[in-house]
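Visitor: Quick one: sequence plus predicted model below, questions after.
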2 protein chains.
Amino acid sequence: MTELILKNVRPMGGASTDIVIRNGRIAAIGAANTAGAAVEDGGGAIALPGLVEAHAHLDKTLWGMGWRRHQAGPSLEDKISTERRLRREWNIDPARQSARQVALCAAQGTTAIRSHVDIDTDQGLWCFEGVCATRERFAHVADIEIVAFPQSGLMVRPGTLELMDAALANGADVVGGLDPCGIDRDPKGQLDAIFALAQKHGKPIDIHLHEPDELGAFSMEMILERTRATGMQGKVTISHAFCLGMGDRARAAALTDRLAELDVAIATTAPASRPVPMAAEMRAAGVRLCAGSDGIRDTWGPYGNADMLERALFIGLRNNFRRDEDVEYALHICTRGGADVMELAGYGLAEGSFADIVLVQAETLAEAVAARPTRQLVLKRGRPVARDGKALFEVE
Amino acid sequence: MTELILKNVRPMGGASTDIVIRNGRIAAIGAANTAGAAVEDGGGAIALPGLVEAHAHLDKTLWGMGWRRHQAGPSLEDKISTERRLRREWNIDPARQSARQVALCAAQGTTAIRSHVDIDTDQGLWCFEGVCATRERFAHVADIEIVAFPQSGLMVRPGTLELMDAALANGADVVGGLDPCGIDRDPKGQLDAIFALAQKHGKPIDIHLHEPDELGAFSMEMILERTRATGMQGKVTISHAFCLGMGDRARAAALTDRLAELDVAIATTAPASRPVPMAAEMRAAGVRLCAGSDGIRDTWGPYGNADMLERALFIGLRNNFRRDEDVEYALHICTRGGADVMELAGYGLAEGSFADIVLVQAETLAEAVAARPTRQLVLKRGRPVARDGKALFEVE
């Protein structure tokens, strides 16, 4: 049954056409007979595939909780411990907060989310269970992947590994990790543990690696060695990977080549304040890139709005992209780049794909990134979930 | 005569009060008797002083001209020559385009603009005259300062100095300069010439300095030497000053101390892709900072929207500001920082100041920066010039 026809839309900024949606999928792209069908007039909007938020922390946003003054000190350790304290003090309920962020994501045209979710011996599985509830409740809004994430360290917090194991047995999709040297002080211990966990559950890995320069390069090598040894090519993502912005460009290039060889992907937020993996270098070497908002208005920092078109802009600004084809690549990172890392089946604007579609008024893809227009319409599996920048559903 | 009372507004995010406006100025701040007066209900909005765009290029935006694919190569020289060619080819009319950008600025709450305006032997005074016309036409919308800017070089283009001299005799407010080594290949020649021009016309100086590392440091020293020799303390601004982001931090700190000693201000765009002067270091040393959008959707690059709250966000992101007081300082740079550099008399939210006021819905100043809310109301000299994110006047 034809559910919906999007009239007068321009897939990826191309010529105006119609998109016929049937059973949640794109049945046809081309001039359509609208007799008897529900029709949405796109008004010449660009149609994009649903934006992909490939690095989020759904369990920790303060969105909707009123403005909170920032309390944490500058070190990573202090941000982690401040958050652990404030979770209970402020009642940062992971179910409620993740639902709010999913609504925000929908309003911005995001239809798939990979979320790291804190697991530690203080919170236990509270955060995981809260995000699981949101994932189930909003399955019709976004594909949500949960990374079991040892935010407070794994080796330094005995009991964490068992909690991660339980989460993976109960629906977590990805094994997380975090600064095996900087936070865990035992790179061999952490990395052996998480690769073993991934093997046990048959799940991919996504490791936060903030460690800079040679320390990060060392940890990255340890990750690469284990990727090869366990045959996990194509199944490992390194988030942030600041070490790839190191001053020794030859060293970074050699690491980049090994990432490509072992098909290890990089997730970036394109921060302005840190050395980062440069998108053009990753692309030239054949390393897959995806992107995310990271924390949105949480105890870590005040910024963020879940807009993945804005993230593409940040990628463009960080990488000094000016040419249209480069800006389009920044958008690619925030669409198909994320879909590839999440292994989303049926992603994209093609006949047979799922009808996860965003409409925006812009002349070109580059303009959509530069201007970040209000999302005119967001479809998930062919059904409207947001319109004119607002989610079509309520969260408390 | 009382012209307007802003009811229920929160100056700088403080407690709710009223602002009484009379003869274009703030007559009183405090609970007001509204009988017989025109009243605007602020609905608890934060009242900010008008945002200050302290580094713009009003003559070169492509805003409203349809999307144009980026043509320029990566070098500064290629961007300059590509622009010179496209100005005529695309008819980038400086009067029309600067008017469009002023309307955009007004919609974003900007009430004062320092604009560099290209002067060269190809364009002559075309750009200058166009922006002069806009300045006159929109004097009720924004204070516009014009920098006579030798974008294509001064020493390498004989005749440019005479054109700048003519512009300064005919209403240009500031003497511009540009990379005395990198572009002009004659630092002594350029800097002696522009300081002499400033002395002759009794005008301040604002020099673009993109030169990195030791080259930029050398040019900066040359600028500092002339600032002292000509007694121009407090009258010189260096825009960009990327060299202050140099690796040798001790060298950068020594230069920073000399900037403070000679009261040379820095204008920044807080770009994500370049080393930059760090705001906290400038602040600690006592160097005045202002900020601007730089080019907005022009032949140099596709980005920009004239939003100085977004610029404050970029400053926050670039400088890794997370604490509320730091984010507030980023906003200060985009308000009073710019006003100080432009020497705007009567600036600020105080009784007696000009009623250049922006209302935004946010709980705190830091939220106003993080969220960049639609400008609810923008007043220039007490008169509404924009509402709900839209200018209240038309430009062709």
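Guide: In hand now; what should we look at? Numbers count the residues shown, from 1 in each chain, chains lettered A, B, ... in the order given.
Visitor: residue ranges with poor pLDDT in the stretch 1-150 of chain A?
Guide: Within the stretch 1-150 of chain A, the stretches with pLDDT under 70 are A:1-2.
Visitor: which SS class is the residue nearest in space to the middle of chain A?
Guide: The residue lying closest to the centre of chain A (CA atoms, centre = their mean) is A:Ala54, at 1.3 Å. Here A:Ala54 is recorded as strand under DSSP: H, G, I helix; E, B strand; the rest coil.
Visitor: So it is in contact with A:Asp340, correct?
Guide: No. Counting by CB atoms under 8 Å, A:Ala54 stays clear of A:Asp340, with 9.3 Å between them. Bear in mind the C-beta positions are built from the backbone N, C-alpha and C, glycine included.
Visitor: Need the residues touching each of the two.
Guide: Common contact partners of A:Ala54 and A:Asp340 (CB atoms under 8 Å, 6 or more residues apart in numbering or on different chains): A:Cys290.
Visitor: Can you give me the neighbour number for A:Lys188?
Guide: Counted by other CB atoms under 10 Å in any protein chain shown, the residues lying close to A:Lys188 total 12.
Visitor: Tell me if I am right that it is in a helix.
Guide: Yes. Counting by three-state DSSP, one finds A:Lys188 located in a helix.
Visitor: Distance-wise, check the residue nearest to it when sequence neighbours are not counted relative to A:Asp184.
Guide: Excluding the flanking residues, the one nearest A:Lys188 by CB to CB, 6 or more residues apart in numbering or on different chains is A:Met222, at 7.2 Å. From A:Met222 over to A:Asp184 the distance is 12 Å, taken as CB to CB, to the nearest Å.
Visitor: So the two - more neighbours on which side?
Guide: A:Asp184 (24 against 18).
Visitor: Just the element for the more buried one, please.
Guide: Using DSSP states H and E, A:Asp184 falls within no helix or strand.
Visitor: What are the neighbouring residues in contact with it?
Guide: A:153-156, A:178, A:190.
Visitor: before we move on, what about A:Cys290?
Guide: A:52, A:54-55, A:237, A:265-268, A:333-334, A:337-338, A:340-342.
Visitor: For it, list each beta-bridge partner.
Guide: Under DSSP bridges, the beta-bridge partners of A:Cys290 are A:Ala267.
Visitor: SS state for A:Ala368?
Guide: helix.
Visitor: how near is it to chain B?
Guide: Using CB to the nearest CB, to the nearest Å, A:Ala368 is found at 10 Å from chain B.
Visitor: wait, that residue sits on A:Ile46?
Guide: Yes. Using CB under 8 Å, A:Ala368 is in contact with A:Ile46, at 5.7 Å.
Visitor: of these two, who's got more company?
Guide: Taking other CB under 10 Å, A:Ala368 and A:Ile46 do not tie; A:Ala368 has more neighbours (26 against 23).
Visitor: who's in contact with the more buried one?
Guide: A:Ala368 is in contact with A:13, A:46, A:48, A:309, A:331, A:360, A:362, counting by CB under 8 Å, 6+ apart.
Visitor: Those residues of the stretch 1-150 of chain A touching chain B, which are they?
Guide: Within the stretch 1-150 of chain A, the residues that sit near chain B (CB under 8 Å from any CB of the partner chain) are A:66-67, A:69-70, A:72.
Visitor: Next one: A:Arg157 relative to A:His201, how far apart?
Guide: With CB to CB as the criterion, A:Arg157 and A:His201 are 20 Å apart.
Visitor: likewise A:Thr61?
Guide: Distance from A:Thr61 to A:His201, by CB to CB: 27 Å.
Visitor: again, but for A:Cys132
Guide: In terms of CB to CB, A:Cys132 sits 16 Å off from A:His201.
Visitor: Looking at these two, which is more packed in?
Guide: Set side by side, A:Cys132 and A:His201 show more neighbours around A:Cys132, with 21 against 18, by other CB under 10 Å.
Visitor: interface residues of the stretch 201-350 of chain A facing chain B?
Guide: Counting by CB under 8 Å from any CB, the stretch 201-350 of chain A sits next to chain B at A:270-274, A:297, A:300-305, A:313-314, A:316-320, A:322-324, A:327.
Visitor: Filter those down to the ones in helices?
Guide: A:313-314, A:316-318, A:324, A:327 (DSSP state H).
Visitor: Any chance of these in a markdown table with pLDDT and distance to A:Ile19 as columns?
Guide: Formatted as a markdown table, these follow (pLDDT from 0 to 100; distance: CB to CB, whole Å):
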| residue | pLDDT | distance to A:Ile19 |
| --- | --- | --- |
| A:Leu313 | 98 | 26 |
| A:Phe314 | 98 | 29 |
| A:Gly316 | 98 | 27 |
| A:Leu317 | 98 | 31 |
| A:Arg318 | 98 | 33 |
| A:Asp324 | 97 | 24 |
| A:Val327 | 98 | 24 |
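Visitor: Quickly name whichever of the residues you listed is closest to B:Asp143.
Guide: Distance to B:Asp143 across these (CB to CB) is lowest for A:Leu317, with 28.3 Å.
Visitor: of all of the stretch 1-150 of chain A, which residue lies closest to chain B?
Guide: Of all residues in the stretch 1-150 of chain A, A:Trp67 sits closest to chain B, at 4.1 Å by CB to the nearest CB.
Visitor: How about the contacts made by the closest residue to that residue other than its chain neighbours?
Guide: Of all residues not flanking A:Trp67 in the chain, B:Glu363 sits nearest, at 4.1 Å (CB to CB, 6+ apart). By CB under 8 Å, 6+ apart, B:Glu363 lies in contact with A:66-67, B:13.
Visitor: Which of those are buried? Put it as a ChimeraX command.
Guide: This is how ChimeraX selects the buried members of the contacts of B:Glu363, with burial counted by 16 or more other CB atoms under 10 Å in any protein chain shown:
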select /A:67 /B:13
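Visitor: Of the contacts of B:Glu363, which belong to strands?
Guide: Residues of these located in strands (DSSP state E): none.
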